[in-house]
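1. Sharing a sequence plus its predicted fold:
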There are 4 protein chains.
Amino acid sequence: MRAERADAARNRRAVLRATERLLAEGGGDHVSLDRVAALAEVGKGTVFRRFGSRAGLLRALLEERSGDLREAVTNGPPPLGPGAPARERLLAFLDGLGLIAERNAVLLSAHGQACADDKYGDPSYRFWHRHLSALLTAERPDLDAGFLAHGLLALFDGGLIRHLTPPGDPRHFTRSVQRMAMALLDRD
Amino acid sequence: MRAERADAARNRRAVLRATERLLAEGGGDHVSLDRVAALAEVGKGTVFRRFGSRAGLLRALLEERSGDLREAVTNGPPPLGPGAPARERLLAFLDGLGLIAERNAVLLSAHGQACADDKYGDPSYRFWHRHLSALLTAERPDLDAGFLAHGLLALFDGGLIRHLTPPGDPRHFTRSVQRMAMALLDRD
Amino acid sequence: MRAERADAARNRRAVLRATERLLAEGGGDHVSLDRVAALAEVGKGTVFRRFGSRAGLLRALLEERSGDLREAVTNGPPPLGPGAPARERLLAFLDGLGLIAERNAVLLSAHGQACADDKYGDPSYRFWHRHLSALLTAERPDLDAGFLAHGLLALFDGGLIRHLTPPGDPRHFTRSVQRMAMALLDRD
Amino acid sequence: MRAERADAARNRRAVLRATERLLAEGGGDHVSLDRVAALAEVGKGTVFRRFGSRAGLLRALLEERSGDLREAVTNGPPPLGPGAPARERLLAFLDGLGLIAERNAVLLSAHGQACADDKYGDPSYRFWHRHLSALLTAERPDLDAGFLAHGLLALFDGGLIRHLTPPGDPRHFTRSVQRMAMALLDRD
DNA sequence: ATATAAGCGAGACGGTACGTCTCGTCTTCCA
DNA sequence: TGGAAGACGAGACGTACCGTCTCGCTTATAT
């Protein structure tokens, strides 16, 4: 049991590392499960047993990347975690999510393509959405916070980030998102 | 450049009609170019000659669907066309685009998947983006209208529309978008 | 190198059987890889994985057909195998090869068309050529046996065989080849 | 009427020149009728009007190349033409045909592939075959001259010529053919 | 000079093969 | 005997090709 777990963990890591290498090399289309398995020196079946599908693999990688943020948002210290005013938490959250997105634009694209239309049911998406909704509601109970949350999350698209990120200013996108959020929060 | 040959036009139409039939029947994944060609009673080569790729085909269909709006926005009467106040034009435009999107959510999804990350360079996207940017700038020159325009357009995602449209209220999504736009325009 | 998997072998056989059925049904042009795969109840990829290309498939079939002769010539009893006088071995070999060719004229044509000009580098061709050369050299060291071997093998063309085989005398072609070989061997 | 003929002749020549340029450039597979038409600056329809098919085009080119030999063999002076002893005519003929074949090995391959199995009914082939048969019969009425003629003609295969022609000795193949023919003629 | 007719370039078309690729399943085999 | 390796089915994609067919310009004749 224990040895087996170690194997599984090693494989899991190998597959994820292979995936990110392929992502870095050739973009989202470069990540085929055959290639991932080959690069990870693992059978294709193993990839599926661990991750279920291409979408699952990309999702797992994305969750690995954003696990810390999720933790910080739930249990961490302010301003990310509970305790700070909603406005500050919102800005901090967008900063954190933006950083992840900027660093993983290619992965984001690939995940978006793979998940197709299940994207909005994804637990991860739902978590971000709930969090955003709550913060927005706190500041602007008069607005449709749920929809606004979708609106803000819709910005976190790999293609858009690549399109908007100028060379030399990797945080440009995040600041734009934050400004847009502020424009939404500002009461007329 | 010679004009499109008569039979070419006929085929173009047949292919587009076949595409929409397949989209309606079985969703985006049902639209394979082989099937399109077969249903249109056209050689596979013809589809590729006209549309270049799966993405090109879906794009063409989408442009056909939105051609009227584009025309109305450019040369039509107010409030869509020039002449009305920017705020009214914006609402009218979002109404028009929302209607198209609500009616073509499946197509939108399929297109989004196929176009991958070239989406933001697409002439059609750029047109909508320019238009939105101009209207937003007119109302709120103090904001980053270009980014807000991307933000609003990011909402027009097939999956999100399906996710948010309740049975019995097909225009719900559009109204939400309009409200979000108004929230952005309202000066603090 | 692992041994061929059991299912791989099964599929290999199924594909070859499908190929020969299609050859028999409708001639060489009837053998498309799509059809072969469909008839063998096998994915198209499997055909390519095993045989690499149309040419490879036909070559494999041909080699299957001539494997026994190859074995008999190498290790079998005289007069085909080693031990008999060269003249008798030559006649026996031509008889064997002629029989195969007469029975597989259609396959021969198809293979000739598909292999294009790599024909003379093909291991199978080289084997027959070496064998023939050796036998001819033994009998007529004064002649260019290598060239004569090419000359004799050039006769084994599907189209020529069909052209020369009268109804009711399927071995006519072979006897002609043998007589021509004898004419070459006969010393002036 | 007369002007039209001029056009037709010009086009015919342009198409043949284009064909040979493509043959020279990239081998037989490079000669697609689309490319021929484009290079000849001629409509594709014109190619088909003149030559009927890919095979017809290659045949026409081949006949252009061998027209002189045909004429010389029929009406020319000895030893090619009538008047010389059969043995000398045969050698002269093989020399002439060999020269053409050596210079047009690629064309020969392409023609062989295109004509598939109609090759032996081709008027040109039949002419060479009749001529060879007659000469062989004259020398060796005891042999099956018709078959031997096929045997000799079977040597004129583009692939074989390329395979056997060493760099620096372009007539090697022809001499080999002549020696083989002599070996056949030499009475035991 | 105008109208009609023929012919040709250009190339689109239908149909289809090829070979590559992908996913997710499923069989086989090894440890 | 349980899980890793990877072959498999299914089928899409995009390209190429052939031989046919359509179109519309250009020329050629007829009025």
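-> Thanks, I have the structure now.
2. Distance of A:S176 relative to A:M182?
-> With distances taken as C-beta to C-beta, to the nearest Å, A:S176 is found 11 Å from A:M182. No exception for glycine: its C-beta is placed from N, CA and C like everyone else's.
3. same question, A:N104
-> When distance is defined by C-beta to C-beta, A:N104 is 24 Å away from A:M182.
4. try A:N75
-> Applying C-beta to C-beta, the value for A:N75 to A:M182 is 26 Å.
5. and the most centrally placed residue in chain A, what element?
-> Centroid-nearest residue in chain A: A:L62, 5.2 Å away (criterion: C-alpha atoms, centre = their mean). Assigning secondary structure by DSSP states H and E places A:L62 in helix A:54-75.
6. Any residue of that helix touching DNA strand E?
-> Yes - applying C-beta under 7 Å from any atom of the strand, one finds helix A:54-75 in contact with DNA strand E at A:54-55.
7. That helix: which residues count as buried?
-> A:54-55, A:57-62, A:65-66, A:69-70, A:73 (16 or more other C-beta atoms under 10 Å in any protein chain shown).
8. same check, this time on stretch A:132-152
-> A:132-133, A:135-137, A:139-140, A:143-152.
9. overlap between those residues and the residues near chain B?
-> A:140, A:143-144, A:147-148, A:150-152 (C-beta under 8 Å from any C-beta of the partner chain).
10. quick check, nearest of the residues you listed to DNA strand F?
-> The closest of these to DNA strand F turns out to be A:H150 (C-beta to the nearest atom of the strand; 28.9 Å).
11. roughly how far out does whatever helix or strand the closest one lives in sit from the chain middle?
-> Using DSSP H and E, A:H150 sits within helix A:145-154. How far helix A:145-154 lies from its chain's middle: 15 Å, per C-alpha atoms, centre = their mean, to the nearest Å.
12. Kindly report the same for stretch A:181-188.
-> Worked out by C-alpha atoms, centre = their mean, stretch A:181-188 lies 24 Å from the chain centre.
13. quick one: buried residues of it?
-> If you call a residue buried by 16+ other C-beta under 10 Å, then stretch A:181-188 has these buried ones: A:181, A:183-185.
14. Contact residues of chain A facing DNA strand E?
-> A:29-35, A:44-45, A:48, A:53-55.
15. how about a markdown table for those residues, with secondary structure, pLDDT and distance to D:L16 added?
-> Listed next are the residues of chain A next to DNA strand E as a markdown table, based on DSSP: H, G, I helix; E, B strand; the rest coil; pLDDT from 0 to 100; distance: C-beta to C-beta, whole Å:
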| residue | secondary structure | pLDDT | distance to D:L16 |
| --- | --- | --- | --- |
| A:D29 | helix | 86 | 45 |
| A:H30 | helix | 89 | 46 |
| A:V31 | coil | 91 | 51 |
| A:S32 | coil | 92 | 47 |
| A:L33 | helix | 93 | 52 |
| A:D34 | helix | 92 | 48 |
| A:R35 | helix | 92 | 48 |
| A:K44 | helix | 91 | 53 |
| A:G45 | helix | 90 | 58 |
| A:F48 | helix | 92 | 58 |
| A:S53 | coil | 91 | 57 |
| A:R54 | helix | 93 | 53 |
| A:A55 | helix | 92 | 57 |
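16. most neighbours, which of those residues?
-> When neighbours are counted by other C-beta atoms under 10 Å in any protein chain shown, A:V31 leads the residues of chain A next to DNA strand E with 25 neighbours.
17. Please report the distance of whichever residue of chain A sits closest to chain C from DNA strand F.
-> Among all residues of chain A, A:D34 sits closest to chain C, at 11.4 Å; criterion: C-beta to the nearest C-beta. A:D34 sits 7 Å away from DNA strand F, going by C-beta to the nearest atom of the strand, to the nearest Å.
18. how far away is the closest residue in space to that residue that isn't next to it in sequence from A:R35?
-> Leaving aside its sequence neighbours, A:D34 sits nearest to A:K44 (C-beta to C-beta, 6 or more residues apart in numbering or on different chains; 6.4 Å). Separation of A:K44 from A:R35 (C-beta to C-beta) stands at 10 Å.
19. what's the answer for A:D144, then?
-> Applying C-beta to C-beta to A:D144 and A:R35 gives a distance of 43 Å.
20. Flag every buried residue along the top helix by length along chain A.
-> Across chain A, the longest stretch assigned as helix under DSSP state H is helix A:2-26. By 16+ other C-beta under 10 Å, the buried positions in helix A:2-26 come out as A:11-12, A:14-16, A:18-23.
21. any idea what sits nearest A:L132, other than its immediate chain neighbours?
-> With C-beta to C-beta, 6+ apart as the criterion, A:L132 has its nearest non-adjacent residue at 3.8 Å, and that residue is A:A149.
22. my bad, A:Y125
-> According to C-beta to C-beta, 6+ apart, the nearest residue to A:Y125 is A:K119 (6.0 Å).
23. And for A:V106?
-> Once flanking residues are discounted, A:V106 sits nearest to A:L23: 5.2 Å by C-beta to C-beta, 6+ apart.
24. For chain A, give me the ranges with low pLDDT.
-> Chain A contains residues with pLDDT under 70 at A:1-6, A:188.
25. Got the domain ranges for it?
-> What automatic domain parsing lists as the domains of chain A is A:1-52, A:54-185.
26. is it possible to export these to JSON lines including distance to B:G112?
-> Shown next, in JSON lines, are these (distance: least, C-beta to C-beta, whole Å):
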{"stretch": "domain A:1-52", "distance to B:G112": "13"}
{"stretch": "domain A:54-185", "distance to B:G112": "8"}
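27. closest one to B:G168 among these?
-> Proximity to B:G168 (C-beta to C-beta) singles out domain A:54-185 among those, at 18.0 Å.
28. Give me the contact status of that closest one with DNA strand F.
-> No - Domain A:54-185 is not in contact with DNA strand F by C-beta under 7 Å from any atom of the strand; minimum separation 12.7 Å.
29. Start and end of that domain, how far apart?
-> For domain A:54-185, the first-to-last residue distance is 37 Å (C-alpha to C-alpha, to the nearest Å).
30. Please compute how far it lies from its chain's middle.
-> The answer for domain A:54-185 is 7 Å, by C-alpha atoms, centre = their mean.
31. again, but for stretch A:26-45
-> Put simply, stretch A:26-45 sits 21 Å off its chain's centre (C-alpha atoms, centre = their mean).
32. That one spans what distance, first to last residue?
-> Stretch A:26-45 has its terminal residues 23 Å apart, counting by C-alpha to C-alpha.
33. Let me know the secondary structure of A:D117.
-> Following DSSP: H, G, I helix; E, B strand; the rest coil, the label given to A:D117 is coil.
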